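A.B. asks: Here is a sequence together with a model predicted from it:
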Amino acid sequence: MAQKTVDTTKRAVPFDRANVPGPKMAKPVKAELAGKLISKAKRPLLIVGTPGADTGIPEIIKTFNSNNIPVAATGSCLKALKQADVEATYVNLHALVSYLKDPKWKGFDGNGNYDTAIFVGHTYYYASQLMSTLKNFTTIKVISIDRHYHPNAQLSFGNLNDDDFRTALKIVAAQLEQNPS
Amino acid sequence: MVLKKGRFIIEDLENVQINIGNITGAKVEEEEDKKEEAHGPTIAPGIHGLRDWDRRLLSRYEPVYSPICDLCCYCTYGKCDLTGNKEGACGINMEAHQAREAMVRTITGASAHAGHGRHLLHYLIERFGADHPIDVGPSNIKAPNTQTVLGIRPETIGDFIPVLNYVEEQITQLIATAHAGQEGSALDFDSKALHAGMLDHVGMEVSDIIQISCLGFPKSDENAAFADIGMGLIDSDKPVLLVIGHNVAAVTYIIDYVEENDLVDKIEVVGLCCTAIDMTRYNISAKIVGSMAKQLKYIRSGIPDVIVVDEQCIRGDVLKEASKLHIPVIATNDKIMYNLPDRSNDDINSIMDDLVSGSQQGVLLFDFDKIGELAPELTLKMAPIRKEKGYTALPDDEEFKRLTSSCTQCGACVINCPQGLDIDVAMTAAAGGDLTLFEILHDKCIGCGRCEEDCPKGIPVLDVIEKAAQKVIREEKGKVRIGRGQIGDPEIREEGRNLVLGTTPGIVAIVGCPNYPDGSRDIYEIAEEMLKRSYIVVTSGCSAMDIGMFKDDDGKTLYERFGGRFSKGNLLNVGSCVSNAHITATTIKVASIFAGRNIDGNYEEIADYVLCRIGAVGLAWGAFSQKALSIGTGCNRMGIPVILGPHGPKYRRAYIGNPYDPEKWNILDARDGSSHLMEPAPEHLLISAETKDEALPMLAKLCFRPGDNSLGRMIKLTHYIELSEKYLGELPDDWHVYVRSEADLPLAKKEMLLKILEQEHGWEINWKKKKIIKGPFRRPDVSFQPTNVPGLCKGVSV
C-alpha cells in the first residue's frame, strides 16, 4: 500500500506567536528529506521529550533504535519508551544541551559528541528555548520533527495537526528503513 | 552610656522627647568597637569582593545561555544580530549579552525587594521610631544574611539604615555595569548577577524582619494559625474589599479600621499575592483569594467592590479591567500610579463621592490613615450599587452558549497561550454541553488573558473558561499556615546535626510564582511526596498559597497534616516573597550554631560550608518574575542549588555541572589542603526540569553533599533511587557515583546493588562480608573536611 503523504512545510510560523528569535529561523523541511538527512548523519542523536510518550509515537521511535540512532529520553518519557521496548537513556534536556556544547563530552557511548540533534515530542516552549543554546553556541545541526514549527532549529516541520504529525513521523521512519546507516 | 540614633525620653521631664539624628563620634566609636571583634575578610563586599568565590562556582557550574532573542536592541548602534555568538557593533558577543540580560533581571528583582524594604523602613521608623527593637523570636542571630554580608548585628530597626544604604549603593554600581561599553565578559556579568542575588537576600531580610518586629507578625512560630484561602471561601453576599500586591503597610490601616469600627462581620477583606499572606500574618480575620494567577480571574468575576493595590506583580491592566465593572481602584504606592490623580491632600468625602459616582475610576492615595478609612467605607457604599447593577464580566448561560458556538476552531488562542493549552478543543466540548475540559483547563490556565488578544471573533476566552469552571471554583477552599518568619535558633540547634550528617535527607524549598507548566496541583504533590520521605519542606509566597489549596481524602490540607517545626517531615510556610531570606538564613544559622563558624563578614566560608555540607535545594516550579530569578541567584551564591520549571530557561542562563568531567569535581581537604576527586554533589546549581515526575528525583539528587556520612548517604541514596524508579521507571544511571562504601547502600536493595556494582561497573566485592573492596573513587573518611576554598585549608598560603 502506498505511503500516505503529507506536506510538513506548511504553516511554518512559530507555534507560540511571539517566539520570533531573529533573522535566522528554521527552514521548513519535508518529512522525506528530514528522514534522508537523519539517515546520513554521522553522529545523530534523537532527543525525545515527555509528550513523546503519547500513544503511537514510541512505536515509531523504535525505528531509530533499529537504525542505530541513540535515543535520549528527556523529561519523564523514559517509562513509556521502555514499555514500548525502545532503548533509551534518561537525561535532563537542560543538562543535555550543556553537554552537547562541550567538545569534551564523549556522548552516551563514549565515542564522541554528536553532530545532529533530532527533536521530537517536546513541550514546545521548553525545547524551543533550549534549542536556542544549540543554535547560538554549537555547530550541531538541529532537525525538529516535532508537531510544531521550531524557529531555533536548523530544519523544522511546520505546525501540523495530530494526524499529519503521525503520518510525517512514519515517513521519516520509512526513510530510515530504506536508508539504513 | 552610648548614645544611639533614635528617640528617648528623660524621666521626670514630662512632654520632653529628644530626637537624635546622625551621631558621628559615639556611633563611630561603637562601630569601631564592633570591628575589633573577630570577623571574616569581606565586610560589605563591593562588586569584586567575592569574585574569587563566584569564579570557583562558575568554573564547576558553567553558565549555559539560552537566548530568548538573537538580537541586541540595547543602544542606537543596533539592532545587532548576535546569532551564533557573533559580536554586535559595541563589541559585545551573544554570550556576554545574555549574561548581561540575566544580570539586569537579577538586579531588577533585587531592587524590587530592596525598594520595598526601604519604603517599609521609612514608614516603620516614622511610626515606631528607629530604636524600636528587632524581635524575630527566640534567636541570637537575628539577621543572618545581614551579619554574613555586612558583619552588622542589628538590634533596632534603625540599625538597618546602613544595611539598606549598602544594598542600594551596590545596586547602583551593578546597574552601571549594564551600560554600553562597560563589562565585556560573560563570566564577570554572572559574578555580578550573583552579587545582586546576594544583595537581594539582604534586602528581603531587612523587609521581613522589620515588619515582623513592628507589626506583630508570628515570630518563629511553629504553631502559627491557619488562614482561609480560596475563591470558594469568600462570602460574595458581603461587600468585598480586595487588596493586591506585596507591601502590607497601607493594608494594616484598613484592617485596623475594620476592627475598630466593628466591620469584621460586615465586610470581606481579601487579598491576592504576598500582601494577602502578610495581612493574614497581621490579622487572621483576613482571607486569601489565592496566588497572582487569580488576579484577572477574580477581578472579572465582578465580586470585588473596591481594589487597593500596592506594589510588585500587579497586572498593568488592573485599572482598565476594574473600570469596566465599576470597581474603584486605590493605588497606595508610588511604584504603581496608573496615571491616577494624587488625592492624598483631599477630604475623604470628596474622594468618596468622585469614586462612587464614577467620575474618577481610581485615585492615588499616600496617606495611610485616609486609606484605612476610605477603602472599607467606600466598599460599603459601592457594594449595594454594584450588586444592584449585577456587575460581572462572566457571561450568563445564554451568552456562554453563543460564545462557545461562535468559535471557529482557528487555534489562534492556542498559539498565543503561553502554556499552549488546548482551548479550542475545550471550546468545542463546551459548545456541546461538556464543561469537563474547561474545568481541568481552569487550574492549568495562568490567567494572563493572552488568548483573548488574538481571537478573531472577539470571544472573551478567559471569561468563558471561568464561567465554565464555576462548579470547581466554588469548591476552591483551603487552609494555609500563616507565615511563621525565621527558623529560631533552638530549632537549628536540634535539627542542624541531622541536616549536616544527612539523617534528615534535606531541605526542599518550594518557592516562587504560579507560572506552573501543568497547573498548581504539581507543587502540592511534590510537597506531599517529599514530606512523606521526611524532607523538611519550606515554602513561601504564591507556592505556599497553592500548596494549601488541595486536600487529602479526609479533607485535610498538607498544613493540617504536617507540623510547622523545623524538623524532618514538617512543612514550614516562612511567609511572603521577602521571607525567602529566611531560607538562606537557615543555612547560615546551621553553619554558625551547629558548626561554630564565624559568620560576620565571612560570606565565602559560609557559602562554601553550605555547598559542601547542607543538603538544601530550591524549587521555583512556576518562576516568572525577576524577583524569582534574584532569589534563586542569591541561593546559588550561598551554595544552594535551584530547580526551575520548564519556563525557567527563558531567564536565559543556568549553572549546570558536567558530571563526566573529572577536572570539575576536585575538592580540598581542609586538614592539609590536599586535592581529592569527589562525586558531582551537588551536580547543578541552577537547572530546569520538564515535568513534576522529572523534578522529584532531581530534588533528591541535588541534596547530596561531599560532607555526607555513610548513614546520610544511605538515606539520600534510598530516596534518589526510589524516586527515580517510581517516576522515571528505572534505577538512575549515576547512583553508584554517590557510593563510597557498602554502608552507603540502601539496606533493602543492598545485595542487588552490590551485584550491579560488580557486573556493570566492575567493582570488586567480597561477597562473604558483603563489602566493597575496590571501585569507588573516594573511600569514606569521617574526618574529611571538604572545602573549595584554599584559604580555609591548614598550611595553605593564599
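C.D. replies: Now that the structure is in, tell me what you want to look at.

A.B. asks: and B:Val202, that one's in a helix?
C.D. replies: Yes. Under DSSP: H, G, I helix; E, B strand; the rest coil, B:Val202 falls within a helix.

A.B. asks: quick one: contacts for it?
C.D. replies: B:145-146, B:149-150, B:163, B:166-167, B:581 (C-beta atoms under 8 Å, 6 or more residues apart in numbering or on different chains). In this view, the C-beta of every residue, glycine as well, is placed from N, C-alpha and C.

A.B. asks: Tell me which of those residues fall in helices.
C.D. replies: B:145-146, B:149-150, B:163, B:166-167, B:581 (DSSP state H).

A.B. asks: Now flag whichever of these is closest to chain A.
C.D. replies: Nearest to chain A among the ones in helices among the contacts of B:Val202: B:Ala581, at 26.8 Å, using C-beta to the nearest C-beta.

A.B. asks: can you pull the contacts of the closest one?
C.D. replies: B:Ala581 touches B:145, B:201-202, B:204-205, B:207-208, counting by C-beta under 8 Å, 6+ apart.

A.B. asks: Check these against chain A and report the nearest one.
C.D. replies: Nearest member of those to chain A, counting by C-beta to the nearest C-beta, is B:His201, at 24.3 Å.

A.B. asks: All the strands of the stretch 251-400 of chain B, in order from the start?
C.D. replies: B:268-272, B:287-290, B:306-309, B:329-331, B:362-364 (DSSP state E, counting those that start in this stretch).

A.B. asks: among the ones you listed, which is nearest chain A?
C.D. replies: strand B:287-290 (23.9 Å).

A.B. asks: Output the closest one as CSV - backbone C-alpha positions only.
C.D. replies: Output of strand B:287-290 as CSV, limited to C-alpha atoms (Å, rounded to 0.1, in the frame of the first residue of the first chain):
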residue,chain,number,x,y,z
LYS,B,287,-8.7,35.9,53.8
ILE,B,288,-6.5,34.9,50.9
VAL,B,289,-8.1,34.6,47.4
GLY,B,290,-5.0,33.0,46.0
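
A.B. asks: Contacts only, for B:Glu183.
C.D. replies: Per C-beta under 8 Å, 6+ apart, neighbours of B:Glu183: B:96, B:100, B:177, B:189, B:192.

A.B. asks: tally of neighbours for the second one?
C.D. replies: Translated: B:Arg100. By the criterion of other C-beta atoms under 10 Å in any protein chain shown, B:Arg100 has 27 neighbours.

A.B. asks: which stretches of chain A form strands?
C.D. replies: A:27-28, A:44-48, A:71-73, A:89-90, A:116-120, A:141-144, A:155-156 (DSSP state E).

A.B. asks: Looking at those, which is nearest to A:Arg17?
C.D. replies: A:Arg17 lies closest, by C-beta to C-beta, to one member of the strands of chain A: strand A:155-156, at 16.0 Å.

A.B. asks: helix, strand or coil for B:Val64?
C.D. replies: Secondary structure of B:Val64, per three-state DSSP, is strand.

A.B. asks: One more: the one 3 residues further on?
C.D. replies: Secondary structure of B:Pro67, reduced to three states by three-state DSSP: coil.

A.B. asks: what's it in contact with, if anything?
C.D. replies: A:21, A:132-133, A:136, B:82, B:94, B:97-98, B:652.

A.B. asks: try A:Ile143
C.D. replies: A:29, A:34, A:37-38, A:116-119, A:153-156.

A.B. asks: Would you mind listing what in the stretch 301-450 of chain B touches chain A?
C.D. replies: Applying C-beta under 8 Å from any C-beta of the partner chain, we find that the stretch 301-450 of chain B lies next to chain A at B:415-416, B:418, B:420.

A.B. asks: Most tightly packed of the strands of the stretch 251-400 of chain B?
C.D. replies: Greatest average neighbour count among the strands of the stretch 251-400 of chain B goes to strand B:306-309 (a mean of 28), per mean count of other C-beta atoms under 10 Å in any protein chain shown.

A.B. asks: What average pLDDT does it get?
C.D. replies: The pLDDT scores in strand B:306-309 average 98.

A.B. asks: what would the ones in helices among the contacts of B:Val202 look like in CSV with pLDDT?
C.D. replies: Putting the ones in helices among the contacts of B:Val202 into CSV (pLDDT from 0 to 100) gives the following:
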residue, pLDDT
B:Asn145, 98
B:Thr146, 98
B:Val149, 98
B:Leu150, 98
B:Val163, 98
B:Tyr166, 98
B:Val167, 98
B:Ala581, 98
